[in-house]
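**Student:** Next one to model:
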Amino acid sequence: MSNNNPDTSMPNGMDPEELKIHQSAVRHTEVEGWTPELPETNRVAALLDGVDAETQRAIEHFLYEEVQVLDDLEWGKWLDFLSDDLLYWAPVQEERYARERRENRIKKFGTSVYFEENKIQMKQRVDRLLTNMAWGEELPSRARHVISNIRVTKGLREGEYIVKSNFYDYRSNGQRYHDSVTGERTDIIVKDENSTWGFLVKERCVLFDMAMILNKNLSLFY
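**Tutor:** Below is the predicted model:
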């Protein structure tokens with residue numbers, strides 16, 4: 001007699017926690033849109049399966065074009081990379097001893113931020129720079145934006161992607177001053193047929209590596 005129940009047998013050597021995850025995955029295989037929690041050994045393969053190589057390359061190219069526009073000081077053109085419902089923010093990380101440490105070093109909202117801005121506010125910043133009267137950028141900085149380790153996964157909605165990348169930004173201003181900043185960006189990038197590049201940045205969370213930023217200002221875009 002055939003058995004209609006899903007096969008929950010496992011290879012030898014799998015511990016009880018991995019068995020529990022596997023059985024749960026088997027039970028929910030037919031549920032549309034449900035992604036099982038994966039053992040660590042299978043997580044990389046699942047991420048690679050989620051986004052095809054063509055999309056990965058297109059998003060990488062989109063991000064490279066974005067930083068080139070910033071390096072060329074084409075701030076008005078840079079706004080075209082941003083969605084109208086943009087959230088652009090940089091939370092402050094908590095530095096605590098282990099006995100005082102919370103589960104996460106940052107929270108989504110309700111924490112201190114270096115900046116938290118929308119598209120309208122970003123345009124105001126750009127417009128101010130274009131007046132040539134923004135004292136922090138007059139003379140304008142010579143900046144170089146470097147991004148690497150771009151990791152793309154599918155978002156919650158169709159045509160939406162979660163993109164993590166590491167960045168190194170170097171700035172030289174005047175004859176003597178220079179600084180740099182490093183960190184990680186987490187972007188929500190969405191497909192958009194009306195965009196020149198086929199994508200738009202809907203959200204960008206900038207996580208600086210420094211516990212205390214000693215740069216004279218954060219007038220650059222990250």
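**Student:** what residues are up against residue 195?
**Tutor:** Taking Cβ atoms under 8 Å, 6 or more residues apart in numbering as the criterion, residue 195 is in contact with 80-81. For the C-beta atoms, the positions are set from N, CA and C on the backbone; glycine is no exception.
**Student:** what do you get if the cut-off is 10 Å, keeping everything else the same?
**Tutor:** Residues near residue 195 by Cβ atoms under 10 Å, 6 or more residues apart in numbering: 62, 80-83, 201.
**Student:** and what of residue 69?
**Tutor:** 75-81, 145, 221.
**Student:** Let me know the secondary structure of it.
**Tutor:** State at residue 69, reduced to three classes by DSSP: H, G, I helix; E, B strand; the rest coil: helix.
**Student:** again, but for residue 60
**Tutor:** Under three-state DSSP, residue 60 falls in the helix class.
**Student:** low pLDDT regions in the chain?
**Tutor:** Along the chain, segments meeting pLDDT under 70 span 1-49, 96-97, 99-110, 136-138, 174.
**Student:** so where do the strands sit in it?
**Tutor:** Residue ranges of the strands in the chain, as given by DSSP state E, are 82-91, 113-117, 142-154, 160-173, 177-191, 199-208.
**Student:** For residue 51, which of those strands is the nearest?
**Tutor:** Residue 51 lies closest, by Cβ to Cβ, to one member of these: strand 142-154, at 4.9 Å.
**Student:** Can you go through the contacts of residue 195 and name the buried ones?
**Tutor:** Using 16 or more other Cβ atoms under 10 Å as the burial test, the contacts of residue 195 include 62, 81-83, 201 as buried.
**Student:** possible to save the residues you listed as JSON lines with distance to residue 169?
**Tutor:** Formatted as JSON lines, the buried ones among the contacts of residue 195 follow (distance: Cβ to Cβ, whole Å):
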{"residue": "62", "distance to residue 169": "18"}
{"residue": "81", "distance to residue 169": "16"}
{"residue": "82", "distance to residue 169": "18"}
{"residue": "83", "distance to residue 169": "22"}
{"residue": "201", "distance to residue 169": "16"}
